[in-house]
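Q: Predicted model follows, preceded by the sequence.
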Number of protein chains: 2
Amino acid sequence: MNSVKKAPVVTNKELFIRKMTREILSGKWNPGDRLPSERELAAEFGTGKTVIHSGYEKLAAMGLVDIKPKSGVFVADYMKTGNIETLNAIVRLSGNELSRDVVTGILDLRLAIEGMAFRELCLCRSDEDIAHLRAFTSVIRDIANSAREEELAEYFFLWHREICIRSGKSILALFMNTTHDVSIAFWVNYLRMYGISFAVNRLEQFVDYIEARDGEGAYSLLAEGISDYLARLENI
Amino acid sequence: MNSVKKAPVVTNKELFIRKMTREILSGKWNPGDRLPSERELAAEFGTGKTVIHSGYEKLAAMGLVDIKPKSGVFVADYMKTGNIETLNAIVRLSGNELSRDVVTGILDLRLAIEGMAFRELCLCRSDEDIAHLRAFTSVIRDIANSAREEELAEYFFLWHREICIRSGKSILALFMNTTHDVSIAFWVNYLRMYGISFAVNRLEQFVDYIEARDGEGAYSLLAEGISDYLARLENI
DNA sequence: ATAACAGAATTGGTCGGACCAGATGCTTTG
DNA sequence: CAAAGCATCTGGTCCGACCAATTCTGTTAT
């Protein structure tokens, strides 16, 4: 667990992005507010204009900021006009501590998307699909005790993405990918709450349903698991 | 409200991005291929390294390219690791001509997400919600004949996004936003196929269902509309 | 007094070249 | 033959200058 990790150099660009993200998400600025010009901030940070510009571009990609060319940079109404990257930014900032509203929303979505994937997969599954999923599950079980928390969460994410890929509806997989950061935060929480062996057993139950082509069964298991998770959150 | 993003002058950066996007999506490069270094391309395009770097960053955000710091830039396996931005990039490049697979996938997703929003909204709707939606519908009807095709599509997109916003599940709205470009392409097609007045009448029917708190009715109308659209596509 | 207009100031967007540090690969060395 | 050392390659950051569109401001004409 010797996480020497990087962190040796924090660039001005990164510093600027972090500061603005924090200020915007904390509500220091309101949607519609005009932010300081690139030149002002460049002077304040003691850097060139390019650094600030590049940072603003990144913030715009996260949906936190609205750049009006030759006019100014404004705080976006990110809850209305934001995208999934915005959500990822929020998650990154708040670590694994998500508000219950956000968690509920995410899980509703997962149920909608992954539920559809389960149903489709049950209709079109091949023996090879089953074999692959079982092998995948075994791998997870094997590394369960040696892997780091986030690493394990990544595997669970990949397992469920595999469902979307093999369902034949590749768009669903693209959607799963966009929720990557959020999903990792969720799985870390989930694994802490239920324990690893419970979670792995769940995966095997899913495969059983898919093998039996029981789409409704798989869906119900997913729905039940999610509502139980939310109920536990209530009690905390 | 970003409607028209005309580029009066095509910058080198934009030129570079377009060229690479075209080459990657056309299959000239294969996933995993190493792309030319920033310096090489800078020389080829007769520009500085910053331009290429910034362009590569954009391509990475679109999920088309995988940047390995201090090592190289590689073509991403965008169909597996891409996100919705990738899809938007594809749509932008291919104009409004979408493959049937993509359209089907998108509509499945819309049904999953928006269907959930309709059901939720029917449970929690206020009189103010109804009034607002009716007013919105009227506005669309009024401008129907004077607005450009894309402009009108934008309004239909915003109307349906409003459903997600007012459903109370703000995450759903964020998801809708990420599919903006794709959705516009869809609506342009839809309006050509069914005509404007039919489409506007649909909106009013939805409001009627919401007012009656008939979530299943709204869902069925949406599902039936989508499957009819897909059936018509078959026949072309 | 007000409206229209010209030009100045301000804004984001682009650009090229310089420097940095990590990754790579070839050469030398034990 | 393998390991250490070093030259060279890579992307990442940064600066300062220039460009063009927008916005502000002060003047002029009605």
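A: Looks like it came in fine.
Q: residues contacting the residue most central in space within chain A?
A: Residue closest to the average C-alpha location in chain A (Cα atoms, centre = their mean): A:Val182, at 1.9 Å. Shown in contact with A:Val182 (Cβ atoms under 8 Å, 6 or more residues apart in numbering or on different chains): A:Ile84, A:Leu87, A:Asn88, A:Val91, A:Ile106. For the C-beta atoms, the positions are set from N, CA and C on the backbone; glycine is no exception.
Q: Now with 10 Å, please.
A: Taking Cβ atoms under 10 Å, 6 or more residues apart in numbering or on different chains as the definition of contact, the neighbours of A:Val182 are A:84, A:87-88, A:90-92, A:98, A:102-103, A:105-106, A:109-110, A:157, B:171.
Q: How about the residue of chain A at minimum distance from DNA strand C: what's its closest non-neighbour residue?
A: Of all residues in chain A, A:Ser37 sits closest to DNA strand C, with a separation of 3.3 Å (Cβ to the nearest atom of the strand). Here the nearest residue to A:Ser37 in space, its sequence neighbours aside, is A:Gly72; by Cβ to Cβ, 6 or more residues apart in numbering or on different chains that works out to 7.0 Å.
Q: Identify the bridge partners of that neighbour.
A: Judged by DSSP bridges, the bridge partners of A:Gly72 are A:Lys68.
Q: picking up where we left off before, what pLDDT does the residue of chain A closest to DNA strand C get?
A: We note a pLDDT of 94 for A:Ser37 in this prediction.
Q: quick revisit: tell me the buried residues within the contacts of A:Val182.
A: Buried residues within these, defined by neighbour count using 16 or more other Cβ atoms under 10 Å in any protein chain shown: A:84, A:87-88, A:90-91, A:98, A:102-103, A:105-106, A:109-110, A:157, B:171.
Q: mean confidence for the longest helix anywhere in chain A?
A: Of all the elements of type helix in chain A, the one with the most residues (DSSP state H) is helix A:100-124. The predicted model assigns helix A:100-124 a mean pLDDT of 85.
Q: Which secondary structure elements does it sit against?
A: For helix A:100-124, the contact count by 3 or more Cβ pairs under 10 Å, 6 or more residues apart in numbering or on different chains; DSSP states H and E identifies helix A:84-94, helix A:149-166, helix A:170-178, helix A:180-194, helix A:196-211, helix A:215-234, helix B:100-124, helix B:170-178 as packing neighbours.
Q: In TSV, list these along with distance to DNA strand D.
A: Below are those laid out as TSV (distance: least, Cβ to the nearest atom of the strand, whole Å):
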stretch	distance to DNA strand D
helix A:84-94	16
helix A:149-166	21
helix A:170-178	20
helix A:180-194	18
helix A:196-211	34
helix A:215-234	36
helix B:100-124	30
helix B:170-178	24
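Q: Looking at those helices, spot the one closest to A:Arg125.
A: Each of those was checked against A:Arg125 via Cβ to Cβ, and the shortest separation belongs to helix A:196-211, namely 5.5 Å.
Q: Now do the buried residues in the closest one.
A: For helix A:196-211, by 16+ other Cβ under 10 Å, it's A:Ile196, A:Ala199, A:Val200, A:Arg202, A:Leu203, A:Phe206, A:Val207, A:Tyr209, A:Ile210.
Q: Dump those residues into CSV; add distance to chain B as well.
A: CSV is the format used below for the buried residues of helix A:196-211 (distance: Cβ to the nearest Cβ, whole Å):
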residue, distance to chain B
A:Ile196, 26
A:Ala199, 23
A:Val200, 24
A:Arg202, 22
A:Leu203, 20
A:Phe206, 19
A:Val207, 21
A:Tyr209, 19
A:Ile210, 19
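Q: For the residue located most distally from the centre of chain A, give its distance to A:Lys49.
A: In chain A, counting by Cα atoms, centre = their mean, A:Ala43 sits farthest out from the average C-alpha position, at 35.3 Å. Distance of A:Ala43 to A:Lys49, computed by Cβ to Cβ, to the nearest Å: 9 Å.
Q: what do you get for A:Thr86?
A: 25 Å.
Q: Also A:Arg148?
A: Summarising the geometry, the distance separating A:Arg148 from A:Lys49, computed by Cβ to Cβ, is 40 Å.
Q: quick one: which of these two has more around it?
A: More neighbours sit around A:Lys49 than around the other of A:Arg148 and A:Lys49, counting by other Cβ atoms under 10 Å in any protein chain shown; the figures are 13 against 10.
Q: List the contacts of A:Phe156.
A: Neighbouring residues of A:Phe156 by Cβ under 10 Å, 6+ apart: A:140, A:183-184, A:186-188, A:190-191, A:196, A:199-200, A:202-203.
Q: make that A:Trp159, sorry
A: A:Trp159 sits next to A:Leu133, A:Phe136, A:Thr137, A:Val139, A:Ile140, A:Trp187, A:Ala199, A:Val200, A:Leu203, A:Phe206, A:Val207 when contact means Cβ under 10 Å, 6+ apart.
Q: Then A:Val75?
A: A:20, A:23-24, A:27-35, A:59, A:64-66.
Q: re the thing from before, can I get the helices and strands packed on helix A:100-124 in TSV including distance to A:Leu121?
A: TSV is the format used below for the helices and strands packed on helix A:100-124 (distance: least, Cβ to Cβ, whole Å):
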stretch	distance to A:Leu121
helix A:84-94	23
helix A:149-166	6
helix A:170-178	10
helix A:180-194	19
helix A:196-211	6
helix A:215-234	8
helix B:100-124	13
helix B:170-178	22
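Q: Please identify which of the contacts of A:Val182 is nearest to A:Ile236.
A: Within the contacts of A:Val182, proximity to A:Ile236 (Cβ to Cβ) peaks at A:Val103, which comes in at 11.4 Å.
Q: Does that closest one touch A:Ser183 like I think?
A: No: with contact defined as Cβ atoms under 10 Å, A:Val103 does not count as touching A:Ser183 (11.4 Å).
Q: pLDDT score assigned to A:Ser3?
A: The predicted local distance difference test score for A:Ser3 is 34.
Q: and what of A:Gln205?
A: 97.
Q: Please apply the same query to A:Asp142.
A: If you check A:Asp142, the pLDDT there is 94.
Q: Low-confidence ranges, chain A, go.
A: In the prediction, chain A carries residues with pLDDT under 70 at positions A:1-9, A:95-98.
Q: mind running it again at 80?
A: A:1-10, A:79, A:84, A:91-103, A:105-106, A:170-171, A:175, A:178, A:234-236 (pLDDT under 80).
Q: list the contacts for A:Thr137?
A: Counting by Cβ under 10 Å, 6+ apart, A:Thr137 touches A:Tyr155, A:Trp159, A:Val200, A:Asn201, A:Arg202, A:Leu203, A:Glu204, A:Phe206, A:Val207.
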